[in-house]
Structure formats: structure tokens, C-alpha cells
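Trainee: The following comprises the amino acid sequence and a computationally predicted model.
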Amino acid sequence: MGKASRRKKEKHQETSKLSNAISIMIEPLLSENPTEDEYRKVIPLAAVGWNVAVFPVEERPAKLMEFLKSSDPSMLEEFELELKAAQAGVVSRERPSQLRGMLEAVKYFIERKDELYPNDKRFIVDFDLVPEGQGFRVTISSVNSDSNADKSLH
């Protein structure tokens, strides 16, 4: 691919609808006929993954911890208990925790964003799910990363 083609592709990625990008990213994790509940569980994780992936790689762990601290306090408590258990060498492989599953999904979305939209530096600031026909349509509000808007992760 030549320089002009790459620039055109990069420009398209940065100006395409973010709702379409998120829909593409979440599709592999949804069932064939996804329910509203499925969407409502996956979209926030995709948004966190997207926002974390906008940051340089070295800043991502800290940004992910910000998300954990600002989310449901019970999730942070579970994370701390799991961390202590892991440090003590007690790791339950029988029952993967909700937090572990959530972190795996966020990691997946970070990788997908890096792979599919590496030059898109918009932050997701809000999202919604709108019933449409037999399914749903994802709507996303975003700001550019160079904006002074609050760049919260959820």
C-alpha cells in the first residue's frame, strides 16, 4: 500500500463513526441474536478497552487501575482479595472470577483497537443502546484526545 493510500485509510479511521468501530469490535463476543443484556454487558468493557488503548502502552496499566478504582467498590475489593490470594499462592482455577473475566475482555478490546484502529485517538465519553427493528444500534459520544474534556474511562 502506498503512502497516499495509508493516509487515506488513516483519515477514514479517524473520521468514521465510532459507533461502527465499537460494533465491529464487540461482534465476535455476541451471540447470533444478541439480547439487550448482552450488549449492556459488553459495550462498557469495549469502551474501557478503547479508552485505555488511546494512551501510550506504558501508561495503560495505571489507566486501567483508575477504571477499577472509579467503578463499583465491590469489584475493587474482589480484585484486592484475588491479588492477596495470588500472592499467597492460592489461586482458584475452578471458578474464574467476574473480575478476571472482565479484565480479559478489556484486554481483548485493547488488542482489537490497536489492531483495527491504531491511529484513532478519540475517547469515548458516553454510549447508549437504541432498539432498532429486531435488534439494537450502538450510539457513541466521543472527544478528541487533544481536547480538554474529562477523559474518564467509563
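Mentor: Yep, that arrived. Not measured: the values here are computed from a predicted model.
Trainee: all contacts plus neighbour counts: C-alpha atoms, from now on.
Mentor: Fine.
Trainee: what's residue 109 in contact with, if anything?
Mentor: 25, 45-46, 49-50 (CA atoms under 8 Å, 6 or more residues apart in numbering).
Trainee: Tell me where this protein has strands.
Mentor: For the chain, the strands defined by DSSP state E cover 122-132, 135-144.
Trainee: ok, now which ones touch residue 20?
Mentor: If you count contacts by CA under 8 Å, 6+ apart, then residue 20 has residue 138 around it.
Trainee: any weak-confidence spans in the chain?
Mentor: Scanning the chain for pLDDT under 70 picks out the ranges 1-15, 71-76, 78-80, 82-83, 86-87, 89-98, 147-154.
Trainee: one more time with 80
Mentor: By pLDDT under 80, the low-scoring segments of the chain are 1-16, 67-100, 146-154.
Trainee: buried ones in stretch 28-40?
Mentor: residue 39 (16 or more other CA atoms under 10 Å).
Trainee: when you give positions from now on, start the count at 44
Mentor: In the new numbering, first residue 44, that becomes stretch 71-83.
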